[in-house]
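Dropping a prediction and its sequence here:
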Amino acid sequence: MTKVQITNIVPLKNPKFITPVRINYIQSQKEKSWEAVKSHNSVAILLYHEEQDAFLLVKQLRITTLLNKDETDGYTYELCAGIVDKDISLKQIAKEEILEECGYDVPLENIQRVTSYYTSVGFSGAKQTMYYAKIDESMKKNEGGGIDDEEIELYFLPTSKAKEFMFDENYKKTPGLMMAFYWFFDKNSS
């Protein structure tokens, strides 16, 4: 992955994916306001590669992680995911994201809905729906990597190392990823 450096930060004009807003509201008979960002809902998919006994994660640049001056290179480990910006089923969006980001063509009937939850509730509150799918090499159609200039790297994490990975802060990861691992291990604990 390439090293990234922020050169400047400027106000957003004509945003493509988000809209900064101020929400004015009344709570307990008192006028209040909150700065927020209106954003798309999303889907995220935990992919389990049966032949490798490993999770397939994506590693990609999340430039926003550099805003708070954390000691990070800006790259995060995540579930395969995408925004809900089409008028098709969430499961179909999940299927398309798996192919686009990871290169696997998973039949719709093999994609299982797990749950949904809200992300970034302090400023956005977008809803993410989590799915689970088993993959194998017979489903492999291309190298993945995303579209345009996403530069997504695929990362196979053996399930035997996933619990250690969850708490290793050297790997920058999302709460949705950790939630998915907890779900997987709970589901398979019997």
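Sure, I can see it.

Only C-alpha atoms from now on, for both contacts and neighbour counts.
Fine.

how about low-confidence regions in the chain?
Residues of the chain that meet the criterion pLDDT under 70 lie in 1-2, 4, 6, 9, 11, 70-71, 190.

what do you get if the cut-off is 90, keeping everything else the same?
1-38, 62-74, 120-125, 143-151, 189-190 (pLDDT under 90).

in it, which spans are helices?
90-97, 159-167, 175-187 (DSSP state H).

Residues contacting the last one, please?
Surrounding helix 175-187, the residues in contact under the criterion Cα atoms under 8 Å, 6 or more residues apart in numbering are 44, 46, 78, 79, 130, 162, 163, 166.

what sits against the residue nearest in space to the middle of the chain?
Note on the chain: the residue nearest the mean C-alpha position is residue 81, at 4.4 Å, using Cα atoms, centre = their mean. By Cα under 8 Å, 6+ apart, the residues touching residue 81 are 42, 43, 44, 45, 94, 97, 98.

can you put these in CSV and add distance to residue 178 and neighbour count?
Converted to CSV, these look like this (distance: Cα to Cα, whole Å; neighbours: other Cα atoms under 10 Å):
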residue, distance to residue 178, neighbour count
42, 17, 21
43, 15, 23
44, 12, 26
45, 12, 29
94, 19, 29
97, 20, 24
98, 19, 26
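
Show me which of those is closest to residue 17.
Nearest to residue 17 out of these is residue 42 (Cα to Cα; 11.9 Å).

Next, give phi and psi for the residue of the chain most remote from its centre.
What lies farthest from the middle of the chain is residue 29; by Cα atoms, centre = their mean that is 37.9 Å. Dihedral pair for residue 29: phi 60, psi 20, per degrees, to the nearest 10.

Give me the distance between it and residue 133.
Noted for residue 29: a distance of 47 Å to residue 133, by Cα to Cα, to the nearest Å.

State the number of residues packed around residue 173.
The local packing of residue 173 (other Cα atoms under 10 Å) involves 19 other residues.

No further queries at this time; thank you.
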